[in-house]
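**Student:** fold the following.
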Amino acid sequence: MKSRRKEFQRNKRLYGVEDSSRRRTKDLSPRENFISCVACLQVFLLAWSLGSMHLWAQYVNLALSVVAVFGFFLPGMHSLRWDNRITGIRIFPRSALFWLGLIFVCYVGVQCFNNSWKYQQSTTEIWRVDTDAPNGLVQETREGWQLVKQDHISWLPSGVEMPYGEMNSGFRTLILTLPVWLWACVLISGISHRRTLRFILWSMVLGGTSMALLGAVQRLSGTDQIFWFIPSSNSAFFGSFIYPNHAAAFLYLILGVAMGLAFYHHSQSVRKLLRSGPHYILIFFWLILFLGLLFSQSKAGLVLGSGIFLLGIGIALVRMLGQGSDFRQGITLGILSVLGLGFGIYALIHFVNLGEIFTDFETLQGGSKSPTVLQRVDLQKATWEAFKGNKWFGTGAGSFRYHFPFTQQKYVGLRPGHDYFEYAHSDYLQSLMEFGLLGCFPLFLFFLTLIVPAVLASRVRPSVYFSMLAGVLAFCLHAWWDFPAQCPSVLLLLVFILVIIGRWGTLDASKQRIDNEPL
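**Tutor:** Numbering: from 1, shown residues only. Below you'll find the predicted structure:
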């Protein structure tokens with residue numbers, strides 16, 4: 001092995017090939033350096049901003065995306081070379097993502113300002129029977145809310161007027177949509193090196209793994225507060241996420257990224273005749289992320305994460321057998337797997353409520369307030385019926401919790417007047433209900449423009465991209481029965497992964513075309 005390594009280095013010097021470590025800081029423009037730093041900060045903060053469910057975190061995401069856009073005013077590679085190509089912010093209109101995202105943002109903006117309903121709080125006085133009272137009755141005051149009809153432009157999309165900052169309001173949806181659109185445009189147009197994309201992926205993995213480790217420690221300590229000092233509205237929180245299903249969705253997306261990076265660095269180590277590489281660290285991260293999924297006690301997340309984990313093990317075995325990896329690598333991987341499996345089984349038996357996981361799968365999520373499978377079926381039927389009543393323009397961005405009681409009254413299983421649903425437990429149907437066909441069409445094309453290049457990229461590095469796409473597929477399945485897309489951190493992470501896979505595949509394909517050109 002040593003002699004082969006020396007021969008490899010000698011041939012590099014003989015043919016005048018510069019070492020890649022010396023080129024790393026030479027070919028990145030100020031623009032790409034700036035955008036990559038902001039992107040790494042953004043994806044790392046997604047794991048620590050309480051799922052970005054609070055307004056302050058959503059403002060931070062929006063501010064970082066705007067700062068990244070200002071990076072296009074810095075010199076790029078084309079401007080440094082003094083050629084006549086289109087540079088700066090003028091690159092954006094050349095992308096279909098820019099126009100599709102702009103159409104959807106404008107659509108949501110019209111819904112926010114053209115309100116057909118207004119949210120109003122109401123107070124009702126009732127008399128309750130009380131034998132201890134002098135006259136046998138006691139007056140009580142109950143607070144509630146109602147929707148009041150408003151004049152609006154009927155031929156434009158409309159929404160519900162509600163207090164600014166209210167959860168699920170139209171303006172909150174607009175604040176969530178803008179970073180997704182801006183970051184997709186920035187990454188597509190501002191990154192021209194694969195190394196930069198890998199830096200961003202490493203930031204994802206480090207942030208997600210540290211969050212999974214924090215969640216496991218919090219479970220073991222038995223704390224009832226996030227970070228041990230922030231009260232949570234949900235007692236089943238995990239790590240920095242308020243809802244365990246959101247944490248699980250975040251973790252299995254990161255798990256797919258960690259697997260893809262591990263396979264990439266393993267292939268690089270084999271190609272460069274190295275004895276070891278970062279893939280061993282990433283395999284250790286696999287185990288931590290999977291352990292975090294166990295501790296999250298999210299049923300859907302555990303099933304989907306287990307599928308991704310088993311896919312990674314299968315790809316690793318196929319690569320080892322097909323490429324004839326040496327005996328020492330097999331021993332190292334075997335030791336890591338045995339230690340991780342043993343620790344996982346020990347933690348599963350001693351610290352995870354197995355009875356709750358295996359006997360309460362009918363809720364698909366921890367917590368007694370989660371709807372059962374039958375209620376989810378009724379939820380989807382009721383949401384579909386609400387969509388059919390507003391099929392073109394929808395009911396308005398963020399209006400599900402206010403419009404759904406009208407349809408809920410028709411389903412006894414949803415216990416109208418007793419249960420209150422903030423989400424449809426199906427992101428697809430909720431989007432159809434809120435945005436209608438006209439709003440979902442540009443949204444569908446936007447994500448289709450991200451997904452198609454990512455899928456086509458898998459032809460170049462199948463094991464790397466298939467691993468990352470496994471997390472995306474798990475998210476798509478999860479979104480049918482739950483609402484992971486309603487968590488801004490999860491949705492923004494998903495867009496980052498799709499854009500990076502597609503961009504990396506495009507750069508790989510261009511590199512292959514250059515290498516295969518005849519001299």
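
**Student:** elements contacting the host helix or strand of Ile313?
**Tutor:** According to DSSP states H and E, Ile313 maps onto helix 299-323. Using 3 or more CB pairs under 8 Å, 6 or more residues apart in numbering; DSSP states H and E as the contact test, the elements touching helix 299-323 are helix 244-271, helix 279-296, helix 327-351, helix 462-481. For glycine as for every other residue, the C-beta is placed from the backbone atoms N, C-alpha and C.

**Student:** between these, which one is closest to Leu448.
**Tutor:** Checking the helices and strands packed on helix 299-323 against Leu448 by CB to CB gives helix 462-481 as the closest, at 12.4 Å.

**Student:** tell me the mean pLDDT over the top helix by length along the chain?
**Tutor:** For the chain, the helix reaching the highest residue count under DSSP state H is reported as helix 427-457. Helix 427-457 comes out with an average pLDDT of 95.

**Student:** now that helix: buried residues?
**Tutor:** For helix 427-457, the neighbour count (16 or more other CB atoms under 10 Å) marks 427-436, 439-440, 442-443, 445-447, 449-451, 453-455, 457 as buried.

**Student:** check which helices and strands that helix sits against.
**Tutor:** Helix 427-457 packs on helix 96-113, helix 170-190, helix 373-389, helix 400-408, helix 462-481, helix 488-515, going by 3+ CB pairs under 8 Å, 6+ apart.

**Student:** between that helix and helix 400-408, how big is the angle?
**Tutor:** If you take axes from the mean of the first three to the mean of the last three CA atoms, to 10 degrees, helix 427-457 sits at 120 degrees to helix 400-408.

**Student:** and the next element down the chain from the helix or strand of the chain with the lowest mean pLDDT?
**Tutor:** When each helix and strand of the chain is scored by mean pLDDT, DSSP states H and E, helix 20-23 comes last, with a mean of 47. Downstream of helix 20-23, the first helix or strand assigned by DSSP H and E is helix 30-46.

**Student:** pull the distance from that next one to the chain's centre.
**Tutor:** Relative to the centre of its chain, helix 30-46 is centred 17 Å away, using CA atoms, centre = their mean, to the nearest Å.

**Student:** okay if I get the helices and strands packed on helix 427-457 as a markdown table plus mean neighbour count and mean pLDDT?
**Tutor:** Putting the helices and strands packed on helix 427-457 into a markdown table (neighbours: other CB atoms under 10 Å; pLDDT from 0 to 100) gives the following:
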| stretch | mean neighbour count | mean pLDDT |
| --- | --- | --- |
| helix 96-113 | 19 | 94 |
| helix 170-190 | 22 | 92 |
| helix 373-389 | 18 | 89 |
| helix 400-408 | 20 | 88 |
| helix 462-481 | 21 | 94 |
| helix 488-515 | 20 | 86 |
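
**Student:** how about the CA coordinates for stretch 175-182, as CSV?
**Tutor:** Presented in CSV, the C-alpha positions along stretch 175-182 are these (Å, rounded to 0.1, in the frame of the first residue of the first chain):
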residue,chain,number,x,y,z
ILE,A,175,-42.4,34.7,5.6
LEU,A,176,-41.8,30.9,5.3
THR,A,177,-42.1,30.9,1.5
LEU,A,178,-39.6,33.7,0.8
PRO,A,179,-36.4,32.0,2.3
VAL,A,180,-37.3,28.7,0.4
TRP,A,181,-37.5,30.6,-2.9
LEU,A,182,-34.5,32.9,-2.3
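
**Student:** what's in contact with that stretch?
**Tutor:** Residues from elsewhere that reach stretch 175-182 (CB atoms under 8 Å, 6 or more residues apart in numbering): 55, 58-59, 61-62, 64-66, 68-69, 97, 101-102, 104-105, 108, 446, 488, 491-492, 495.

**Student:** apply 7 Å and report the result again.
**Tutor:** Applying CB atoms under 7 Å, 6 or more residues apart in numbering, the external contacts of stretch 175-182 come out as 58, 61-62, 65-66, 68-69, 101, 104-105, 108, 488, 491-492, 495.

**Student:** domains in the protein, by residue range?
**Tutor:** For the chain, automatic domain parsing gives the domain ranges 118-151, 193-367+426-510.

**Student:** and among those domains, the most buried is which?
**Tutor:** Per-stretch averages of neighbours, counted by mean count of other CB atoms under 10 Å, single out domain 193-367+426-510 among these, with a mean of 19.

**Student:** give me the distance between the two termini of stretch 187-194.
**Tutor:** With CA to CA, to the nearest Å as the measure, the first residue of stretch 187-194 is 12 Å from its last.

**Student:** that stretch: how far from the chain's middle?
**Tutor:** Relative to its parent chain, stretch 187-194 has a centroid offset of 20 Å by CA atoms, centre = their mean.

**Student:** now the helices for the stretch 51-200 of the chain?
**Tutor:** Here the stretch 51-200 of the chain has its helices, by DSSP state H, counting those that start in this stretch, at 55-70, 77-80, 96-113, 170-190, 194-221.

**Student:** any chance of the ones you listed in TSV, with distance to Val303 too?
**Tutor:** Output for the helices of the stretch 51-200 of the chain, formatted as TSV (distance: least, CB to CB, whole Å):
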stretch	distance to Val303
helix 55-70	28
helix 77-80	45
helix 96-113	32
helix 170-190	27
helix 194-221	17
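
**Student:** related to what we said a few turns ago, among the contacts of stretch 175-182, which one sits closest to Phe229?
**Tutor:** Nearest to Phe229 among the contacts of stretch 175-182: Gln58, at 21.9 Å, using CB to CB.

**Student:** residue contacts, Gly207?
**Tutor:** Contact analysis of Gly207 by CB under 7 Å, 6+ apart lists Val43, Phe44, Leu46, Ala47, Trp48.

**Student:** how near is it to Ala424?
**Tutor:** For Gly207, the distance to Ala424 (CB to CB, to the nearest Å) stands at 29 Å.

**Student:** same question, Phe444
**Tutor:** Separation of Phe444 from Ala424 (CB to CB): 17 Å.

**Student:** now do Ser463
**Tutor:** According to CB to CB, Ser463 stands 36 Å off from Ala424.

**Student:** cool, and Ser232?
**Tutor:** As judged by CB to CB, Ser232 and Ala424 stand 23 Å apart.
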